[in-house]
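Enquirer: below are the sequence and a predicted model; questions follow.
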Amino acid sequence: MIRTLTIIYTTGTGHTEFVIDTVIAALAASCPTLRVTKQRAEISQPEDMHKSDALLLACGSWNTNNAEGMLSPYMHDLLIVRAAKEDLKGMPTAVIGLGDERYFFTAKAADRMADYCATHNAKLLLPALKIINDPFDQAPKIQAWTKEFIAKISALPVVTAQ
Ligand SMILES: Cc1cc2nc3c(=O)[nH]c(=O)nc-3n(C[C@H](O)[C@H](O)[C@H](O)COP(=O)(O)O)c2cc1C
């Protein structure tokens, strides 16, 4: 299975951080040898998306550029502006998008990150995890998704990160 995972995320309220920390705890329990790097989109460079064997992107939905259902501003800046021309060269990838049911375009950040992966040659390992509303009582849903994620990354061949 793969040995390293980079998680690039951003958060306004801490919701996405809670989801990511729940994923990391589940990974640590099932894949103790997996080395996980967790870093904020705002300090990430496009090349950081290449530095591990697999990549996980996560953020909330936002009204970036005054349109609903967009990526949160720092993830927008990374993926849509700075990494607009990045070729992910088959990088095994998963995405997590958060949102709130009070918005018409609910949790669209998940779809936008999945679209980014599809159009930048990433290999999306499983359907996006969408977390709608307060995540703090949704740990079972996050853990169930992480179990599927683990099954997918466990099936990948061992590769050497650059
Ligand atoms: C300014 C603003 C705009 C938002 N726009 C949307 C939206 O278009 N669609 C949606 O589903 N949620 C939207 N949300 C809700 C957030 O995505 C949701 O609260 C999420 O859990 C925030 O995660 P974070 O605090 O980790 O960034 C918005 C929240 C704020 C504050």
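Expert: Received, thanks.
Enquirer: who's in contact with Ile142?
Expert: When contacts are counted by CB atoms under 8 Å, 6 or more residues apart in numbering, Ile142 touches Val19, Thr22, Val23, Ala26, Leu129, Ile131, Pro135. The C-beta positions use only the backbone N, C-alpha and C, and glycine is treated the same way.
Enquirer: from these, list the buried ones, please.
Expert: Val19, Thr22, Val23, Ala26, Leu129, Ile131, Pro135 (16 or more other CB atoms under 10 Å).
Enquirer: any chance of the residues you listed in TSV, with pLDDT and secondary structure too?
Expert: Formatted as TSV, those follow (pLDDT from 0 to 100; DSSP: H, G, I helix; E, B strand; the rest coil):
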residue	pLDDT	secondary structure
Val19	98	helix
Thr22	98	helix
Val23	98	helix
Ala26	97	helix
Leu129	98	strand
Ile131	98	strand
Pro135	98	helix
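Enquirer: the spatially most central residue of the chain: which element?
Expert: For the chain, Leu57 is the residue whose C-alpha lies nearest the centre (CA atoms, centre = their mean; 2.0 Å). Assigned by DSSP states H and E, Leu57 belongs to strand 54-62.
Enquirer: tell me the strands beside whichever helix or strand comes after that strand, with direction?
Expert: Next in sequence after strand 54-62, counting helices and strands by DSSP H and E, comes strand 70-71. Strand 70-71 sits in its sheet next to strand 54-62 (antiparallel), going by DSSP bridges.
Enquirer: no further queries at this time; thank you.
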